[in-house]
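>>> okay, sequence plus prediction incoming.
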Amino acid sequence: MLFSSISYLLFLPVIFCLYWLTSGRARKVVLLVASYVFYMSWMPSYGLMLFLLTAANYGLGLLIESNRKQKLYLWLALLVNVGALVYYKYANFLLSSIFETQRAVSSIFDIHAMPLSTPVFDIILPLGISFFAFEFIHYNVDIKRGSKALKNPLDFALFASFFPSQVAGPIKRYQQFDEQLNEPKRLNQEDMIVGMGFLMKGLFKKVALADNLAPITAMGVNSVQNLGSLDSWVLIFVFVLQVYFDFSGYTDMGIGSARLLGFHLPNNFNLPYVASKNMIEFWTRWHITLSGWLRDYLQTPMTGFRASRLRFNVATVITMTICGLWHGAAWHYVLWGVVHGLLLVATREYLQFVKGSAALKKFHAQSWTIPVSCLLTFILLHFTQPFFIARNVTDALIIERNMVWFTPSPGLLATAFLQSPVVMALLLYAVYGLIFVEIPWLSATKKLAPLQVLLTGSVPRQVALYVCVFVAAIAFCPELTSPFIYFQF
């Protein structure tokens, strides 16, 4: 059941009505049943997996709380969650890597006993398994650090399965979720308006933008050997836009759905492409909840709070390498993580150097350097994305070569992009963003405040605007939609 599907647009109003027509425990039961129906609509058998992981972590959380001086139960919790993640997501990757290594060694020493083909487990990746695992790990680690465990099994089951954030985040912190779950709620106008706004904005991003960009990306990925410089740049530019509109669109629709039910989910994006002056800032604006999780539960435990520069930099590269592996069980994802880790280290070292240079500090204090820094960061990001989009390392290196070294290009992707309805949809989105989004370095956004008031100065005007966004989304919707990119993670 996709957020952008007709079935979800029928599912959400039914749950909305049942939720607000009930109260207390019955309201929680409605949410829990709805969440399991939502998840099991993909593959019913994996509802049992979610239930078993929930039951195991609920019990382990209580054991950790009552035995905080012991590490055994925390290690068991990590084993359960990391073990499930490794089995479902990385079993075939590890197996193939072991067999390929052994096959390479066998060829060197002229040993012919290895099988010709690598055995493969018949495993279908459960949707959201990475997000479940991260939320469960955070829950148990925080209890070990002194937070209180959730005693109510219904509350804990809802934390684990809450359908607006269930499949692709944002990654919740259980303390804030539990507080919202048990506070008195009344249906109010602000939540309705804000929730509908997020839903419509996310729907437009997904169906009008991401789904129209997806065929162009697929065309390039499936013909890497035939790409030249122009098409390679177009491919990466299109994918950079697609992955943002796809993932932020999903997040917006999840946040909007939760808001209609009185829940405030954390923001996951904050103008990463237009307001990031360097790669460090980019990772504070892109997939914010993942960045925070990696910092709190991976990097900081490796370094402590007063780490040496070398130790901090090494931990940064290790953290981003794991982040790359988290995104996919393939070596090109690992390289993507390594590249981002090295860029973060280089950025941090440069910023430290700037602090000791009066000339550089004066240079960076000039106002024009801010938009230029944002543009350079956006361009630099393009050079990291071939490792994310390509099917393997070889294809990624071909794209990188084409981007750095000029090669003739037929321009097929450029033509497909210019002829796509997505160009007009992007122009509409740019106008929307210029009016309603305050970009830090663009003073024109403040001058358009009267236009914002004109368009959204009353509830009827806001509703009319959302109706227009909905109509535009449907008008630009392609015949074939694509699944959300982050479902595979």
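Yep, it's here.
>>> helices or strands up against whichever strand or helix holds Ala472?
Under the criterion of DSSP states H and E, Ala472 resides in helix 459-476. When contacts are defined as 3 or more C-beta pairs under 8 Å, 6 or more residues apart in numbering; DSSP states H and E, helix 459-476 sits against helix 189-203, helix 422-436, helix 449-456. From N, CA and C alone the C-beta is placed, and that goes for glycine too.
>>> now the residue nearest the centre of the chain: how far from Leu203?
By C-alpha atoms, centre = their mean, the chain has its centre lying nearest to His287, at 5.0 Å. Computed as C-beta to C-beta, to the nearest Å, the His287 to Leu203 distance reads 20 Å.
>>> same question, Thr303
41 Å.
>>> which one's more surrounded, the two?
Leu203 (24 against 17; other C-beta atoms under 10 Å).
>>> show me where this protein has strands.
Using DSSP state E, no strands are found in the chain.
>>> can you list the weak-confidence ranges in it?
Along the chain, the model assigns pLDDT under 70 to residues 92-125, 486-489.
>>> the longest helix belonging to it packs against which elements?
Identified as the longest helix of the chain according to DSSP state H is helix 229-260. On a contact count with 3+ C-beta pairs under 8 Å, 6+ apart, helix 229-260 meets helix 6-21, helix 189-203, helix 211-221, helix 369-384, helix 386-389, helix 393-404, helix 412-419.
>>> make a markdown table from those and add distance to Tyr88 to it.
Converted to a markdown table, the helices and strands packed on helix 229-260 look like this (distance: least, C-beta to C-beta, whole Å):
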| stretch | distance to Tyr88 |
| --- | --- |
| helix 6-21 | 24 |
| helix 189-203 | 27 |
| helix 211-221 | 24 |
| helix 369-384 | 27 |
| helix 386-389 | 21 |
| helix 393-404 | 24 |
| helix 412-419 | 34 |
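>>> to Asn267, which of those helices lies closest?
Smallest distance to Asn267 across the helices and strands packed on helix 229-260 (C-beta to C-beta): 10.3 Å, for helix 189-203.
>>> chain center to stretch 16-32: distance?
The chain centroid and the centroid of stretch 16-32 are separated by 29 Å under C-alpha atoms, centre = their mean, to the nearest Å.
>>> wait, I meant stretch 271-291
Worked out by C-alpha atoms, centre = their mean, stretch 271-291 lies 12 Å from the chain centre.
>>> what does stretch 464-483 give?
That offset, for stretch 464-483, works out to 22 Å (C-alpha atoms, centre = their mean).
>>> next one: stretch 185-198
From the chain centre to the centre of stretch 185-198 is a distance of 24 Å (C-alpha atoms, centre = their mean).
>>> may I see the buried residues of that stretch?
Residues of stretch 185-198 classed as buried: 185, 191-198 (neighbour count, 16 or more other C-beta atoms under 10 Å).
>>> list the buried ones in stretch 45-56?
46-47, 49-50, 53-54, 56.
>>> can you count the residues close to Arg259?
22.
>>> what separates Ile398 from Val224, distance-wise?
Ile398 is 5 Å from Val224, by C-beta to C-beta.
>>> who has more neighbours, these two?
Taking neighbours as other C-beta under 10 Å, Ile398 and Val224 compare with Val224 leading, 22 against 18.
>>> for Ile280, state which of the buried residues of stretch 45-56 is nearest.
Distance to Ile280, by C-beta to C-beta, is smallest for Leu53 among the buried residues of stretch 45-56, at 33.7 Å.
>>> now the closest one: how far from Ser291?
24 Å.
>>> re the thing from before, show me what contacts the residue nearest to the centre of the chain?
His287 makes contacts with 169, 247, 268-269, as judged by C-beta atoms under 8 Å, 6 or more residues apart in numbering.
>>> 10 Å instead?
His287 is in contact with 169-171, 247-248, 251, 268-269, 272, 293-294, 323, 327, 486, counting by C-beta atoms under 10 Å, 6 or more residues apart in numbering.
>>> hang on, the earlier thing: columns distance to Gly220 on top of the buried residues of stretch 45-56, output as TSV?
Below are those laid out as TSV (distance: C-beta to C-beta, whole Å):
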residue	distance to Gly220
Tyr46	32
Gly47	37
Met49	35
Leu50	36
Leu53	37
Thr54	41
Ala56	43
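>>> before we move on, the earlier item: for the helices and strands packed on helix 459-476, which one ends up most surrounded?
helix 189-203 (a mean of 19; mean count of other C-beta atoms under 10 Å).
>>> alpha carbons of that helix, as PDB, please.
Extracted in PDB, the C-alpha atoms of helix 189-203 (Å, rounded to 0.1, in the frame of the first residue of the first chain):
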ATOM      1  CA  GLN A 189      -7.800  23.000  12.900                       C
ATOM      2  CA  GLU A 190      -4.000  23.500  12.900                       C
ATOM      3  CA  ASP A 191      -3.300  19.800  12.800                       C
ATOM      4  CA  MET A 192      -5.800  19.300  10.000                       C
ATOM      5  CA  ILE A 193      -4.400  22.200   7.900                       C
ATOM      6  CA  VAL A 194      -0.800  21.400   8.500                       C
ATOM      7  CA  GLY A 195      -1.400  17.700   7.900                       C
ATOM      8  CA  MET A 196      -3.200  18.200   4.600                       C
ATOM      9  CA  GLY A 197      -0.400  20.600   3.500                       C
ATOM     10  CA  PHE A 198       2.300  18.000   4.100                       C
ATOM     11  CA  LEU A 199       0.200  15.300   2.400                       C
ATOM     12  CA  MET A 200      -0.400  17.300  -0.700                       C
ATOM     13  CA  LYS A 201       3.200  18.600  -0.900                       C
ATOM     14  CA  GLY A 202       4.500  15.000  -0.500                       C
ATOM     15  CA  LEU A 203       2.000  13.700  -3.100                       C
END
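>>> for that helix, packing partners?
On a contact count with 3 or more C-beta pairs under 10 Å, 6 or more residues apart in numbering; DSSP states H and E, helix 189-203 meets helix 6-21, helix 229-260, helix 422-436, helix 459-476.
>>> pick the most deeply packed of the ones you listed.
helix 229-260 (a mean of 23).
>>> any idea of the angle that helix forms with helix 393-404?
Per axes from the mean of the first three to the mean of the last three C-alpha atoms, to 10 degrees, the angle that helix 229-260 makes with helix 393-404 is 110 degrees.
>>> centre of the chain to helix 229-260, how far?
On C-alpha atoms, centre = their mean, the centre of helix 229-260 falls 10 Å from that of its chain.
>>> what does stretch 13-22 give?
Stretch 13-22 has its C-alpha centroid displaced from the chain centroid by 28 Å (C-alpha atoms, centre = their mean).
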